[in-house]
Structure formats: structure tokens, C-alpha cells
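Student: Attaching a predicted model along with its sequence, questions to come.
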Amino acid sequence: MLFPRYFKQAAALSTNFQILLFGVCPSRHFLLPPIRLISAQQIFSCNVQIAKLARSGKMEAARQLFDKMPERDVVSWNAIVAAYWQNGDIEESKRMFNLMPTRNVVSWNSMIAGCIEHERMEEACAYFHAMPKRNVASWNAMISGFVRNDRVEEAARLFEEMPKRNVISYTAMVDGYTRNGEIDRARALFDQIPGKNAVSWTVMISGYVESGRFEEARGLFDEMPEKNVVTLTAMITGYCKEGKMEDARKLFERIQHKDLVSWNAIIGGYVHNGQGEEALKLHSLMMETGTRPDHSTMVVVVTACSLLASLQQGRQAHAIVVKCGFKLTISVCNTLITMYSKCGSIHESESVFRQIHSPDLVSWNTVIAAYAQHGHYEIALGLFDEMGTNGLKPDGITFLSVLSACGHVGKVKESMDWFNSMVEEYGVTPRAEHYSCLVDILSRAGQLEKAYDFIRQMPFEADGAVWGALLGACRVHQNVELGKLAAEKLVELDPHNSGAYVMLSNIYAAAGMWREVTRVRGLMKEQGVKKQPGYSWMEIGSQVHLFSGGGLHPEIDRIHLELEKISLHMKINSDIEDLIFM
């Protein structure tokens, strides 16, 4: 049997073949008498050409060839029926199916597959029930269709009715259960599969990874007799989710023939774990191997540039998107907007936004957030109004950006008005992030008691972000009592949060309460809490340089000497300015 999808590239018809099939000489404008095909080999050749033409999207030529064939067999009809739905025309596919003089089980299976592909599950069911005879592929197609449409219980009922199952049947159901979050049910069925293949193992391992049950995924992976690139990539994804990047990298290096999916998994893993520089290094290595990136690659690469606030490398990534001929999809554009904003180039953010033909809610939220983070209150609100004019309704993320814009310019009353409007006019339920933002705005304005009252009126328990905002303001405004309360709440939520201890210690130190400072430091030691060293980075030329707290650098003495020189230079300049303006 012939399926057009199995032919990867279209082949041009030779001159002799065109004369034979069409009775047309391509170099002359006249018709030759069509030659009647009687050979099975000639029919087979025509069928192959139909498949190849259809695969390359040349449906007009495929149909012309089909119509010119003096004799056709059922494979010819199956080829043209499949060709239409694979090229997006399910209606013509159905029409040709109805014209078929004879059909076999492949004909019916093709129509079922076409309906499923075009999200017409009910029509697929109708064809399935109308079939005079079914084979295991018919049942498997329906089960896979139900799973694809999240109708897992219907798939399970069909699975139970099957007269005969194969490994594909079992694997499809295991996939359905894992998609539905029924991991234990999936594992029970997986254990029953006779002659498990690589796909069966991969589906089950991926199910464990996606559900966060990584240890079970690793145990099953160790049992797998032969690992393939798909399974290794699934495990790489799992290690990345667990933050175990060294283990993920070791597995990645084991893959002899790395495909784009495996590259995307490891690069995305580094980005997910905040290691943007390593992600960019791997992307460069991938390009050197000749592997062409796709949209997913460029999204994670641009995100890596955002993490590093590296404008130069971000622009290079943007150039790769254009150079490779990628369409500026909404997801890529949204990522570029965020990147330019985090790199400080707000005008380039809006430039990308204005290139989007029909911005979605995420696009609007992203550009509003960009202006809010840069303190452009009026522009952020103008974009909010423009979004409404374009018929989009704001959500919680939109209002978070608006509140943030208010906070950056200290508009306390306006922020409260927006918060109330969000609830009363737009029906958006506030989340912890909204309360945290308002607490931060009130606290920055020195209204600590009002901020504390606001926390007590929250409909749910305040999280660490809320108490952290209050604690930070207590340090600035030297409110010892509220600072102590906020720190205690933070420690309750996270006993190993070094920031809470350090901040409280600083509050006591600013108030001259040295005994309390000693007590807090002692408490940190008892609890085994260690202050995490701070770090920052800067871009010089095309290199990103990382700076971290601590004294482990081999040239620490030289660094301290240079810092002393800089401090002295700043002090001298400051003294000179004081003398000038006296």
C-alpha cells in the first residue's frame, strides 16, 4: 500500500514520463494520443508520482496525473484521497472517497485519520462504525484520536472492546492515561504490554517526568534495555526540572546524534535554571554543528539574553530570527519585547510590538509591563486604554503591570483606585501578587501601619512576598516593631530564609540594638542558616562578566586594592565638589 506522507521530497516528472502519462510533450504545444496503461508496474509508478507530488503540495499536478490515468487501482484512489486531507482539503477528500468504485480497509482508515487530523472526531466515529471490516490499525486510529481530543474514557472503552491489540494499542492508552494525569493507571497498563518498544518506554518515562515523579522516571529509565534519543531527551528534561544540570549535561553528551529537540531541551534547561550564559554557549555550539534552530530555540535563546540583560547578544539573536527566515510569531515577538525591556531598550520593545499584526493579550501585557518597569506611568496607562479600544479585556497580569507602574512613580491613591476598579469594574479576583504589590507601594510611601492593616484584611494568608515587601520598608523607615513581626512571619513560612534574618539584623543595627543583632546572628547559626552571597553581571564588548560575593577569587587581594582606589577616587571627587559649591 502507498501513503503519501512516506515520501519526503517531490520528484520532477521526466519528459518521457509526462508523454507516457499525459500524452503531452512539455517542449511542444500539442497533444499526443494517450497511451493506455495496462502494466501493473506502470500503475504503480503513477501512484508513486501522485504521492510525491502531493507530499510537495502540488495537488493540481497530482490530480491531473490521477485524472489522466487510463486505469486506476484501489491504491491510486487511496493515494488521492489521502493527498487531499493531508493538504488541508478534507471536503474534497470525502468527495473522492465517495466516488471510489471499490474500497479496502486502508481507504476507510485513511478517512478516519483525515477526520481526526482535521478535528472532526464525530465524523471519524461515523466512518469507523460504517466500516464493513476493521483491522487493528482502525481501532488504534480511533483510540489515538480520542486521546488526542482528551476523551480518555471513550478511548478506554474502545480499547476494552478491541478483538485484538498490539503494542501500538497499549502505548496509545498509556499515553492517554499519562496525559490525563492517571500515572498509576498508566503504569499498570504499561506493565501488561507484550513486547514493549522504544515508544512505549518513552511515553511512560515522559509521563513520570511531566507529573513530577522524577525518581520513578529514573528507575524506569535504568530498566530500559535500549535507550534512544527521544528517551534520553525526556530524561534530560526531567533533570532540568529538578535543577540537576550536571546530570542533564552528562546525559546530553551521551547522545551521539543530537537532534534539534535534544538541543532545545538542554538549552531550555539552562535558561529555566537561570544559567543564561551557559545556554548561549550551547546555542553557539549547536549552530557550529550545522543544526538549524526553530522558533522554540530562538524563544529560549532570547530569554537567556533577557536573564543576562545582554542587549548586544539579544540583538544578535533577533538578527538570527530574521536571517533564518522565521516568521515573527506572537510567541517570538513577546519574548523579544521582554528582552529589549530588560536590556533597557524600551523603544525597541515597542518597535517589535508594533510589528505584530494582531497582538494577543500576552503581547499587550508584555509591552505594558515593559513601560511600567521603566517608570513610564502615562504611557503604560495609554497602552491599557488602547488595549481596551482593540477589544481585549484585561486580566490579572495586566492589572499587576498597572499597579507596578503606579508604584514606580509613588502614586498611592491611584494604585488603590486601580485595585478597586480591577475587582468592581472588571471582575478580576486579586491574587497574592496584587496584594504584595499594593503592600510594597504603601510601604515605600512610609505608610507602614496602613500596609500592615491591608495585610490583615487579605482574604487568605499572606505569603513570603507580602511580608518581604513590608520587612524591606521597615528597614528603610527603621520601624523595629513591625520589622520584627514581618521577619517572624517570614521565618515561619521559610525557616531557612537568610534574607529575613539579615534584614531584621540590619534593622536592629540601625536602631543601635546590638544585643538583638547578636541574638539574631546566633539564631542563624543555630538553625544552620547561611547568608547567600550576592552576585551581579555586566556586559563589556561581547562578553558577560559575573561578579559574586565572597573571598574565593584567586586575585581577591588585587580586587580589594582596585576597590580601595575607586573608593578613594570617588571621595576625592566628592570633596572637590563640596569645595566648589561652598
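Tutor: Received, thanks. Computed from a predicted model, the values in this text were never measured in an experiment.
Student: Tell me how this protein divides into domains.
Tutor: When the chain is parsed with automatic domain parsing, its domains come out as 1-134, 551-582.
Student: Worst mean pLDDT among the ones you listed?
Tutor: Among the domains of the chain, domain 551-582 has the lowest mean pLDDT, at a mean of 66.
Student: The stretch 101-250 of the chain: helices as residue ranges?
Tutor: Counting by DSSP state H, counting those that start in this stretch, the stretch 101-250 of the chain has these helices, from start to end: 105-117, 121-130, 136-148, 152-161, 167-179, 183-190, 198-210, 214-223, 229-241, 245-254.
Student: So what touches the fifth one?
Tutor: Outside of helix 167-179, the residues that reach it under the criterion CB atoms under 8 Å, 6 or more residues apart in numbering are 136, 139-140, 143-144, 146-147, 150, 152, 155-156, 159, 162, 183, 185-186, 189-190, 192-197, 199-200, 203-204, 206-207, 210-211. No exception for glycine: its C-beta is placed from N, CA and C like everyone else's.
Student: Of these, which qualify as buried by neighbour count?
Tutor: 139-140, 143-144, 146-147, 152, 155-156, 159, 162, 183, 185-186, 189-190, 193, 196, 199-200, 203-204, 206-207, 210 (16 or more other CB atoms under 10 Å).
Student: so where's this structure uncertain?
Tutor: 1-38, 527-556, 571, 573-582 (pLDDT under 70).
Student: Give me the residue at the spatial middle of it.
Tutor: S296 (7.3 Å; CA atoms, centre = their mean).
Student: Mind jotting down where the strands sit in the stretch 451-582 of the chain?
Tutor: For the stretch 451-582 of the chain, the strands defined by DSSP state E, counting those that start in this stretch occupy 535-540, 543-548.
Student: Tell me which residues are up against stretch 78-94.
Tutor: For stretch 78-94, the external contacting residues (CB under 8 Å, 6+ apart) are 1-5, 47, 50-51, 53-55, 57, 59, 62-63, 66, 96-97, 100, 104, 106-107, 110-111, 113-115, 117-118, 120.
Student: what do you get for stretch 502-514?
Tutor: 471-472, 474-475, 478-480, 483-484, 487, 516-517, 520-521, 531.
Student: Need the buried ones from those selected in PyMOL.
Tutor: PyMOL command restricting the contacts of stretch 502-514 to the buried ones, with burial defined by 16+ other CB under 10 Å:
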select buried, resi 471+472+474+475+479+480+483+484+487+516+517+520
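Student: So which of the contacts of stretch 502-514 are in helices?
Tutor: Among these, the members found in helices (DSSP state H) are L471, G472, C474, R475, V480, G483, K484, A487, E516, V517, V520, R521.
Student: Wait, M387 touches W364, no?
Tutor: Yes: with contacts counted by CB atoms under 8 Å, M387 reaches W364, the gap being 4.4 Å.
Student: got the CA coordinates for stretch 389-405 in PDB?
Tutor: Extracted in PDB, the C-alpha atoms of stretch 389-405 (Å, rounded to 0.1, in the frame of the first residue of the first chain):
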ATOM      1  CA  THR A 389     -10.100  50.000  22.400                       C
ATOM      2  CA  ASN A 390      -8.900  47.000  20.400                       C
ATOM      3  CA  GLY A 391     -11.500  44.800  22.200                       C
ATOM      4  CA  LEU A 392      -9.300  43.000  24.600                       C
ATOM      5  CA  LYS A 393     -10.300  42.600  28.300                       C
ATOM      6  CA  PRO A 394      -7.500  43.000  30.900                       C
ATOM      7  CA  ASP A 395      -6.700  40.100  33.200                       C
ATOM      8  CA  GLY A 396      -4.900  39.900  36.500                       C
ATOM      9  CA  ILE A 397      -1.500  40.200  34.800                       C
ATOM     10  CA  THR A 398      -2.500  43.400  33.100                       C
ATOM     11  CA  PHE A 399      -3.500  45.000  36.400                       C
ATOM     12  CA  LEU A 400      -0.300  43.800  38.100                       C
ATOM     13  CA  SER A 401       1.600  45.800  35.500                       C
ATOM     14  CA  VAL A 402      -0.700  48.800  36.000                       C
ATOM     15  CA  LEU A 403      -0.200  48.600  39.800                       C
ATOM     16  CA  SER A 404       3.600  48.300  39.200                       C
ATOM     17  CA  ALA A 405       3.500  51.500  37.100                       C
END
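Student: quick revisit: quick check: which of the helices of the stretch 101-250 of the chain is nearest to G382?
Tutor: Nearest to G382 among the helices of the stretch 101-250 of the chain is helix 229-241 (39.6 Å), distances taken as CB to CB.
Student: Would you mind getting the angle between that closest one and helix 214-223?
Tutor: Orientation of helix 229-241 against helix 214-223 (axes from the mean of the first three to the mean of the last three CA atoms, to 10 degrees) gives an angle of 150 degrees.
Student: just to revisit the earlier point, please enumerate the shared neighbours of M387 and W364.
Tutor: Common neighbours of M387 and W364 (CB under 8 Å, 6+ apart) are T398.
Student: Which one's more surrounded, these two?
Tutor: W364 (25 against 20; other CB atoms under 10 Å).
Student: ok, that one touching D385?
Tutor: No: contact criterion CB under 8 Å: W364 and D385 do not qualify, at 11.0 Å.
Student: In terms of secondary structure, what does the helix or strand hosting V48 contact?
Tutor: Applying DSSP states H and E as the criterion places V48 in helix 40-55. Contacts defined by 3 or more CB pairs under 8 Å, 6 or more residues apart in numbering; DSSP states H and E place helix 40-55 against helix 15-22, helix 59-68, helix 74-86.
Student: most packed of the ones you listed?
Tutor: Across those, averaging neighbours per residue (mean count of other CB atoms under 10 Å) puts helix 74-86 on top, at a mean of 24.
Student: tilt between that helix and helix 59-68?
Tutor: Using the same axes, to 10 degrees: helix 74-86 against helix 59-68 is 160 degrees.
Student: residue contacts, L490?
Tutor: By CB under 8 Å, 6+ apart, the residues touching L490 are G464, W467, G468, L471, N497, G499, A500.
Student: repeat that for 7 Å
Tutor: By CB atoms under 7 Å, 6 or more residues apart in numbering, L490 lies in contact with G464, W467, G468, L471, N497, A500.
Student: can you put those residues in CSV and add distance to G325?
Tutor: Shown next, in CSV, are the contacts of L490 (distance: CB to CB, whole Å):
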residue, distance to G325
G464, 45
W467, 50
G468, 46
L471, 51
N497, 48
A500, 51
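Student: quick check, nearest of these to A380?
Tutor: Nearest to A380, judged by CB to CB, of those is G468 at 24.2 Å.
Student: What number of residues are in the vicinity of that closest one?
Tutor: 24.
Student: which non-adjacent residue is nearest it?
Tutor: Distance criterion CB to CB, 6 or more residues apart in numbering; nearest residue to G468, sequence neighbours excluded, is L490 at 6.3 Å.
Student: and if you look at S296?
Tutor: For S296, the spatially nearest residue (CB to CB, 6+ apart) is N264, at 5.2 Å.
Student: from what I can see that neighbour touches V299, true?
Tutor: No: using CB atoms under 7 Å, N264 is not in contact with V299, being 9.3 Å away.
Student: What segments of the stretch 301-450 of the chain are helices?
Tutor: 311-323, 330-342, 346-355, 361-373, 377-389, 396-408, 412-424, 432-444, 448-456.
Student: For the first one, give me every contacting residue.
Tutor: Helix 311-323 is contacted by residues 280, 298, 301-302, 305, 332, 336, 339-340, 343-345, 539, 542 when judged by CB under 7 Å, 6+ apart.
Student: circling back to that earlier point, count the neighbours of the residue nearest to S296 for me.
Tutor: Residues near N264, counting by other CB under 10 Å: 22.
Student: Please compute how far the helix or strand hosting it lies from its chain's middle.
Tutor: According to DSSP H and E, N264 maps onto helix 260-272. Centroid displacement of helix 260-272 relative to its chain, using CA atoms, centre = their mean, to the nearest Å, is 11 Å.
Student: Sounds good, over and out.
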